[in-house]
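J.: Next one to model:
(one chain, ligands or ions: 1)
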Amino acid sequence: MLQEEDELKRAICFACSSQAGVLAKVRNGRVVELRGEPDHYLNKGWLCERAYAFIEHLYHPERLNYPLKRVGERGEGRWERISWDKALDEIAEKLREIKEKYGAEAVATTGGTGRGHQETFKKRFMNLFGSPNTANAGQWCAINSYLVETAVYGFLTRYKAGPHPAKCIVIWGQNPDQSRPCEFRRLMELKKAGSKFIVIDPRRSETVEKLADRWLQIRPGTDAALALGWINVIIEEELYDRDFVEKWCFGFERLKERAREYPPEKVSRITWIPEREIVESARMYATVKPASIRWGLRTDIGRNATSNIHAKAILRAITGNLDVFGGDMLYGPCEKVNYGPPFEYTELLPREQRGKQLGADRHKLWTWPGYQLIHDAAKAYWYGKGCVFSYAPACHEPDVWRAILTGKPYPVKAVICGGNNPVVDYPNSRLVYKALKSPNLELFVVLEQWMTPTAMLADYVFPVANWLEMPVVHMSTLDGLTNFVAAGEKTVNPLYERKPDYYFYQGLGLRLGQEKYWRKTLEEEWEYFLKPLMEELGVKSYEEFARKIRWWFPPLEEKKYEKVNPETGKPRGFATPTGKVELYSTILERLGYDPLPHYEEPPETPVSSPKLAEEYPLILITGARFRPFHHSEHRQLSTLRKLWPEPTAEIHPDTAGRLGIKDGEWVVIENPRGKIKHKAKLTTRVHPRMVSVQHGWWFPEEIPEDPVLFRAFESNPNVFTSDEDEYCDPPTGAAAFQPYLCKVYPARKYT
Ligand code: SF4
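T.: Prediction:
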């Protein structure tokens, strides 16, 4: 019940990537209750357990509250308190020295999942400082889809349920029941209203059980083959939208030729999906209209990432499901706000520095060369905004660690890590650890809410605010929109000396000659960001916008490609070099990659590595999402931890029986690069030849000091994921979190 002294603040949940609306009851300056915002467009009053746990998160005794400076060896855990100002002075001085001696490119940053705004201001600081080496987790997440889809048809597609629901929805490589519970509820509503679901997943996930009309249990890593098989069926059976293809697609004949290489019987052999299932599911997707293929993370990673995304994009286009109501809409960027490259001063990064970006020689779509082509094609079309995600262009993350350790192609001497925990979450954890411990690295700074295995290795740790302690703006939800904007209020002032990440980058910028590019407060930054919209709506301040307007959506418009451009008198077409949907991508071609999707057997499977499979006979997948955690976060929160106290490996009961493994016992999962321990969960969710292990595990209750480091390597599958080029997708550099080969045995045999 609201009491007289209570205030109700409107926040936005950043506990995962869906961004629900939250009402926070504040009493005497303290948040006492969180609940879902009843009329919110996404969550409609509902919240998951993660969001509710954020009162505990806010007041938790182990939150970082003061800046710390290392006084012992890295990882030793000896710290002294330091003020923000003094720490920023020292760091700015060191960065200046490194820049003079080695060049600005010797400074790199790392990033993770969105906790609000860190990537935007990190990117601004780095562009102005002159370094192209911002690494981030977008390289194995949605940003690959963003880049490939923008190359193919000018923007990222998003499905939005609403007045025109899809009749067929394909969930490909995603388990939203666990990863995005708010969005999953919307999907359940569609199911009740009659939409049909095809779910493609190697596991019989919760989403499969609750939604699937058809479940395709695919062999991990073979998604591109399946997508090409669908294209084959759709073309051979003439189920494609001939009119749309003739008018709006580029390269259909060449696609047709390529698709002939993937007949259903061959695809069945590759994917382990029965041929009939492949054909019938392709027919269902092509004929039950409108249809949508949702974004899924699993197809954004690994050796075939670009082909997976490209083939899915082609399916949307040739079936006539692109930019139509109920299909996958091309919303474009938000026209009414100042964001993207001008907000981040992307153009101010000197040209010679862009050319030095780590990985730009091999992974050209992810780095500056690809970004420039995509941005140039999209810029005029999308009202001068073009490529707008802060995560791109970025450097190839694995190259940062190698540059620290080897000095090649040049030394990296400083790393700023904000909003992520790379020792646990990045592939090849041991290499990340080695680089961060290396004496070659002269400065390592971490911005964090908690002491983590990564923060333990830092020279300076800054305590940053969570989403209840700062004003936030967001513009995309994977539920479907990218051209809208929403704002959330700060519910309480940051506690102790915590601050939003913004003040770190602004503080450094002010000390390093960037004065004219930074405003005084984060609120002022958001006011500039929202200025065109605020002027149109007659709103005077950020606070007023967050409180009264809250979110803004432009009118929904389909088939924008048909709309006549008054300047040319011709239809707008698509934001690509040819103005059409590039089934055959001229951007990929110019970058030297295959312009059409193809399938390549991943490097570590029973097919590509039969000898290795003799010793490691099981197929390992990592990264399946599970509630209540989000990646490596939230394990300190007792309300959540009691729901899932320990890491769990799913093993088929027949396999476990053969290996002498009992349900609930600790097992060792081993591959050629390392071994970890999880508790066995015997379940028919997984194929008898597969094992699924959870990612993100470390133990905040354990000893923080190195070498224990909260047991960061004991149950963390990134000790055996690889970031070598042969495992990565060539255009994007996306690392593989699956598939790998492994063996499993009871932990009592652990040596
Ligand atoms: S699903 Fe995500 S956005 Fe929704 S309430 Fe849970 S943590 Fe917040």
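
J.: Using the record's domain definitions, break the protein down for me.
T.: 69-139+341-450+498-552, 157-331+579-590, 610-749 (automatic domain parsing).

J.: for the last one, the distance to its chain's centre please.
T.: The chain centroid and the centroid of domain 610-749 are separated by 20 Å, computed with C-alpha atoms, centre = their mean, to the nearest Å.

J.: what about whichever residue of the stretch 601-750 of the chain sits closest to the ligand, neighbour count?
T.: Proximity to the ligand, evaluated over the stretch 601-750 of the chain using C-beta to the nearest ligand atom, is greatest for residue 630 at 6.9 Å. All C-beta spots, glycine's among them, are computed from the backbone N, C-alpha and C. Look at residue 630: counted by other C-beta atoms under 10 Å, it has 18 neighbours.

J.: same check, this time on residue 677
T.: By other C-beta under 10 Å, neighbour count at residue 677 equals 17.

J.: Go ahead and list the helix or strand containing it.
T.: In this assignment (DSSP states H and E), residue 677 forms part of strand 674-682.

J.: What lies in contact with the helix or strand following that strand?
T.: Counting by DSSP H and E, the next helix or strand C-terminal to strand 674-682 is strand 690-693. With contact meaning C-beta atoms under 8 Å, 6 or more residues apart in numbering, strand 690-693 is reached by 202-203, 220, 618-622, 624, 647-652, 655, 669, 676, 678, 685-686, 717, 742, 744.

J.: Keep only those that also lie close to the ligand.
T.: Filtering the contacts of strand 690-693 for proximity to the ligand by C-beta under 6 Å from any ligand atom leaves nothing.

J.: Kindly format the C-alpha coordinates of the helix ranked longest in the chain as PDB.
T.: Assignment by DSSP state H gives helix 84-102 as the longest helix of the chain. Provided in PDB are the C-alpha atoms of helix 84-102 (Å, rounded to 0.1, in the frame of the first residue of the first chain):
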ATOM      1  CA  TRP A  84      37.100   9.200  -8.000                       C
ATOM      2  CA  ASP A  85      39.000  12.400  -8.800                       C
ATOM      3  CA  LYS A  86      42.400  11.100  -7.800                       C
ATOM      4  CA  ALA A  87      41.900   7.800  -9.500                       C
ATOM      5  CA  LEU A  88      40.800   9.500 -12.700                       C
ATOM      6  CA  ASP A  89      43.800  11.900 -12.500                       C
ATOM      7  CA  GLU A  90      46.200   8.900 -12.300                       C
ATOM      8  CA  ILE A  91      44.500   6.900 -15.000                       C
ATOM      9  CA  ALA A  92      44.300   9.900 -17.400                       C
ATOM     10  CA  GLU A  93      48.000  10.500 -16.800                       C
ATOM     11  CA  LYS A  94      48.900   6.900 -17.600                       C
ATOM     12  CA  LEU A  95      46.700   6.900 -20.700                       C
ATOM     13  CA  ARG A  96      48.400  10.000 -21.900                       C
ATOM     14  CA  GLU A  97      51.800   8.400 -21.400                       C
ATOM     15  CA  ILE A  98      50.800   5.200 -23.200                       C
ATOM     16  CA  LYS A  99      49.400   7.100 -26.100                       C
ATOM     17  CA  GLU A 100      52.600   9.100 -26.500                       C
ATOM     18  CA  LYS A 101      54.800   6.100 -26.300                       C
ATOM     19  CA  TYR A 102      52.800   3.400 -28.200                       C
END
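
J.: The residue nearest in space to the middle of the chain and the ligand: what is the separation?
T.: Nearest residue to the geometric centre of the chain (C-alpha atoms, centre = their mean): residue 141, 3.5 Å. Separation of residue 141 from the ligand (C-beta to the nearest ligand atom, to the nearest Å): 15 Å.

J.: Need the pLDDT of that residue.
T.: With respect to pLDDT, residue 141 scores 85.

J.: Contact partners for it?
T.: By C-beta under 8 Å, 6+ apart, the residues touching residue 141 are 113, 297, 300.

J.: so which of those is the most crowded?
T.: residue 300 (25 neighbours).

J.: That residue touches residue 147, doesn't it?
T.: No: under the criterion of C-beta atoms under 8 Å, residue 300 is not in contact with residue 147, lying 10.0 Å apart.

J.: overlap in contacts of these two?
T.: With C-beta under 8 Å, 6+ apart, residue 300 and residue 147 have no common neighbours.

J.: Residues of this structure that sit close to the ligand?
T.: Contacts of the chain with the ligand, taken as C-beta under 6 Å from any ligand atom, map to 13, 15-16, 18-20, 43, 47-48, 50-51, 180-182.

J.: Nearest to residue 450 among the residues you listed?
T.: residue 15 (13.9 Å; C-beta to C-beta).

J.: Spatially nearest residue to the closest one (excluding sequence neighbours)?
T.: Leaving aside its chain neighbours, residue 15 sits nearest to residue 50 (4.3 Å; criterion: C-beta to C-beta, 6 or more residues apart in numbering).

J.: ok, residues contacting the helix or strand containing the one you found?
T.: Taking DSSP H and E as the criterion, residue 50 maps to helix 49-52. Here helix 49-52 makes contact (C-beta under 8 Å, 6+ apart) with 13, 15-16, 20, 22, 34, 36, 627-630, 634, 639-640, 643.

J.: Any idea which residue of the stretch 251-400 of the chain lies closest to the ligand?
T.: residue 297 (14.8 Å).

J.: My guess is that residue contacts residue 142. True?
T.: Yes: at 7.3 Å, residue 297 and residue 142 qualify as touching, with contact defined as C-beta under 8 Å.

J.: Tell me the neighbouring strands of the helix or strand of the chain with the lowest mean pLDDT, and mark each as parallel or antiparallel.
T.: The helix or strand of the chain with the poorest confidence is strand 157-158; it has a mean of 84 (mean pLDDT, DSSP states H and E). Applying DSSP bridges to the sheet, strand 157-158 is found paired with strand 329-330 (antiparallel).

J.: Does anything pack onto the helix or strand immediately after the strand it pairs with in the chain? Which helices or strands?
T.: Heading C-terminal from strand 329-330, the first helix or strand you meet, by DSSP H and E, is helix 341-344. Under the contact definition 3 or more C-beta pairs under 8 Å, 6 or more residues apart in numbering; DSSP states H and E, helix 341-344 sits against helix 118-129.

J.: Give me the next element, helix or strand, following the helix it packs on.
T.: Using DSSP H and E, the helix or strand that follows helix 118-129 in sequence is helix 142-153.

J.: Only the C-alpha atoms, please, for that following helix, written as CSV.
T.: Taking Å, rounded to 0.1, in the frame of the first residue of the first chain, the C-alpha atoms of helix 142-153 are listed here in CSV:
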residue,chain,number,x,y,z
ALA,A,142,22.8,-9.8,-31.8
ILE,A,143,25.3,-7.3,-33.4
ASN,A,144,26.3,-9.9,-36.0
SER,A,145,22.6,-10.1,-37.1
TYR,A,146,22.5,-6.4,-37.1
LEU,A,147,25.5,-6.1,-39.5
VAL,A,148,24.6,-9.0,-41.8
GLU,A,149,20.9,-8.1,-42.1
THR,A,150,21.8,-4.4,-42.7
ALA,A,151,24.2,-5.5,-45.5
VAL,A,152,21.4,-7.7,-47.0
TYR,A,153,18.3,-5.4,-46.6
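
J.: Might one say that residue 597 is in contact with residue 299?
T.: No: using C-beta under 8 Å, residue 597 is not in contact with residue 299; the gap is 11.2 Å.

J.: Neighbour count for those two, which is higher?
T.: Taking neighbours as other C-beta under 10 Å, residue 597 and residue 299 compare with residue 597 leading, 29 against 25.

J.: Would you check how far apart the more buried one and residue 387 are?
T.: For residue 597, the distance to residue 387 equals 22 Å [C-beta to C-beta, to the nearest Å].

J.: Show me the strands in the stretch 501-650 of the chain, by range?
T.: 551-552, 564-565, 570-571, 581-582, 618-622, 648-651 (DSSP state E, counting those that start in this stretch).

J.: Buried deepest among those, which one?
T.: Highest mean neighbour count of the strands of the stretch 501-650 of the chain: strand 581-582, a mean of 28 (counted as mean count of other C-beta atoms under 10 Å).
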